[in-house]
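> Okay, predicted coordinates and the sequence, questions at the end:
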Amino acid sequence: MHKYILKRILMLIPVIFGVSLLVFCIMNVASGDVTAVMGAEELDAQQLYELKESLGLNDPLLVRYVKYMWNLITKGDLGTGYISKEPVMSLFLNRFPNTLKLALGSTLVCVILSIPLGIYSAVHHGSIADNVAMVGALLGLSIPNFWLGLVLIVIFALRLGWLPSEGAVGFKSIILPAITIGTGFMASMTRVTRSSMLDVIRSDYLRTARAKGAPERQVIYKHALKNALIPIITSIGETFATALGGAVVTEAVFSWPGVGRLIIDSIRSRDTMVVVGCIIMKTIVISVILLIVDILYAFVDPRIKSHYARARKAKIDE
Amino acid sequence: MSKNKKEVQDINRKATGEKAKGRSQGAEVWYRMRKNKGAMVGLVVVVLLILLAVFSDVIFDYSKQIAGINTKARLLPPSWEHPFGTDGKGRDLFVRVLYGTKYSLTIGVVATLISTLIAVPIGALAGYYGGFFENVVMRIMDMLSAVPFILMGIVVVSALGANMMNLIIALGIVGIPKICRMTRAAVLTVKNQEYIESARIIGLKERDIIIKHVLPNCLSPIIVSITLQVATVIISASSLSFLGLGVPAPSPEWGALLSAGRDELRQHANLTLFPGLAIMITVLALNLMGDGLRDAMDPKLRK
């Protein structure tokens, strides 16, 4: 088991280095001469050289990358924004709680809506309600997130005036963006719930439970759901990770002050270092969450655990 | 050998009194697909959209109807004359939305084509040969997919510059890992089958084995994931255009239309409503078709 966890953690390292190298190089090569956006036209050659030197831009790209990563690992420093002139790490940490809040909210919306729907569909397999739920799930997958956001704004903020259309002040402001993102993930979670419930419902031990006279409610919620839970939990973890990463457009629609909007704003102002830093941090956070989900999965699923236990036993036997 | 097989089949038919009937695999899939109402609706809509996209320059006059400005007819509400109303420059939104099909479908199809052409060979080789090469390929795919799809798209588009060509390239690159993984997984299930071993024993070249025997047997999951990928790309493309990182303003791409309509959200919600509906219908049709294909091609579901 420890070996499995260690292996997964080690596999994460090349991914993080690869991603950061890729993003760092693309953004730095493509954004061209950063000093141009900093109002450096009026500087003479000597001043320009000094400005570049102070930003560390005179080194070759790879040297800059190595320095950048070294600073990140040893000091948790992501450099300073060219335009915003603030440390990127503190910009990121300022915005991250908002993104986290929104991700939690939307995962919650998704869980509340899709798990009961999935269970109902599976229990009433093949019925009209099941078909409607499945088409509905497909519809949720097909609606562009940002459009749903705009429609919700029109209805609940502009016409009815119940909820604010932008910002992140108070509980009310999270409702619309959370619904927007949460319903987008409903499709997959409903399907996962439904199919893993269907797998379980046909099993022998449910027939046994029914045969011994357990009430239907208890059969479904105690015997079936508990055994169907592993894929559902994985799906929740993945949803949460995706919500953390993919909320860029929704954050833009609702002017939600999260990391996604910081990235978009920084791309507009060509503040390359902020974009690079935020994307690297987001990638690390998402990868770590997915890793935790995988490890939890291994803890819960006896098959993976036994696989490693067997391997160890085989070694001892040798 | 094939003659023998045919004779055996004929004997079997005579024995069971069955009429000579045999469907090719394609016909079999089509037969099962036709029974799936949702998939057929999806297919019809997709075909109509393709026709609309192909002939849009014949049906509409770009300079007049799509880009032409008519200040007298600004921001009209939906009516018989203008079913979706008119936008801030007096252009008929209905016509513009219909014309926008061309952009979304082109982006979706071409970007997916790019991902497929790169991902399928790499995935197939990785799956077939395994070993070090496979490991390297899969770690690179892990890397590419560790960054969320939309963020990676934003990075590539902002690096290349915001226009339609770059948007297609960006979404093409970003789509590689999914199709590559799918292909590899499919090849892994096929490569240890007996018929592949037979092909190797009779001395076929590795290249021929992969192209003629491995890939055709992996086709159904690949086709399904390609169909669904087109849907994903269309949504992502319109999201990027919405953020101003896609097709630039005068072109009636759906995301760009939505972004333009956003400024008039309070008074003229129709400008936002209809382009979004167009995206939804297109993506829903593709998803229905993809799901239908998956069911039709899955041998486990054969009755």
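Ah, there it is.

> Which parts of chain A are strands?
For chain A, no strands are identified by DSSP state E.

> which helices and strands does the longest helix seen in chain A pack with?
The helix that spans the most residues within chain A, counting by DSSP state H, is helix A:88-123. Applying 3 or more CB pairs under 8 Å, 6 or more residues apart in numbering or on different chains; DSSP states H and E, we find helix A:88-123 packed against helix A:128-142, helix A:172-201, helix A:225-246, helix A:248-253, helix A:259-268, helix A:272-300. For the C-beta atoms, the positions are set from N, CA and C on the backbone; glycine is no exception.

> Which other helices and strands does the fourth one contact?
Contacts defined by 3+ CB pairs under 8 Å, 6+ apart place helix A:248-253 against helix A:88-123, helix A:145-152, helix A:172-201, helix A:259-268, helix B:149-160, helix B:215-242.

> Do me a favour and average the pLDDT over the fourth one.
Meaning helix A:259-268. Averaged across helix A:259-268, the pLDDT comes to 86.

> Enumerate every residue touching residue B:167.
Counting by CB atoms under 8 Å, 6 or more residues apart in numbering or on different chains, residue B:167 touches B:107, B:111, B:157, B:237, B:240-241, B:245-247.

> Swap in 10 Å and give it another go.
B:103, B:107, B:110-111, B:153, B:156-157, B:160-161, B:233, B:236-237, B:240-241, B:245-247, B:253, B:255 (CB atoms under 10 Å, 6 or more residues apart in numbering or on different chains).

> Give me the nearest residue to it, chain neighbours excluded.
residue B:246 (4.8 Å; CB to CB, 6 or more residues apart in numbering or on different chains).

> Can you tell me how far that neighbour is from residue A:64?
Computed as CB to CB, to the nearest Å, the residue B:246 to residue A:64 distance reads 30 Å.

> what's the answer for residue A:228, then?
According to CB to CB, residue A:228 stands 50 Å off from residue A:64.

> Neighbour count: these two, which is higher?
Taking neighbours as other CB atoms under 10 Å in any protein chain shown, residue A:228 and residue A:64 compare with residue A:228 leading, 24 against 18.

> residues in contact with the more buried one?
Per CB under 10 Å, 6+ apart, neighbours of residue A:228: A:118-119, A:122, A:192-201, A:203, A:220.

> what do you get if the cut-off is 7 Å, keeping everything else the same?
Residues near residue A:228 by CB atoms under 7 Å, 6 or more residues apart in numbering or on different chains: A:196-197, A:199-200.

> Going through these, which ones are buried?
Among the contacts of residue A:228, those classed as buried by 16 or more other CB atoms under 10 Å in any protein chain shown are A:196-197, A:200.

> Specify which member of those is nearest to chain B.
Nearest to chain B out of the buried ones among the contacts of residue A:228 is residue A:196 (CB to the nearest CB; 17.1 Å).

> residue ranges with poor pLDDT in the stretch 101-250 of chain A?
Applying pLDDT under 70 to the stretch 101-250 of chain A flags residues A:168, A:246.

> Please identify the residues of it in proximity to chain B?
Residues of the stretch 101-250 of chain A that fall close to chain B, judged by CB under 7 Å from any CB of the partner chain: A:138-139, A:141-144, A:146-147, A:150-151, A:153-154, A:158, A:242, A:245-246, A:248-249.

> What residues does chain B have near chain A?
Neighbours of chain A within chain B, by CB under 7 Å from any CB: B:139, B:142-143, B:146-148, B:150-151, B:154-156, B:158-160, B:235, B:238-239, B:242-243, B:258, B:262, B:265-266, B:269, B:272-273, B:276, B:279-280, B:283-284, B:287-288.

> Chain neighbours aside, what residue packs nearest to residue B:152?
Nearest to residue B:152 is residue B:174, by CB to CB, 6+ apart, at 4.7 Å.
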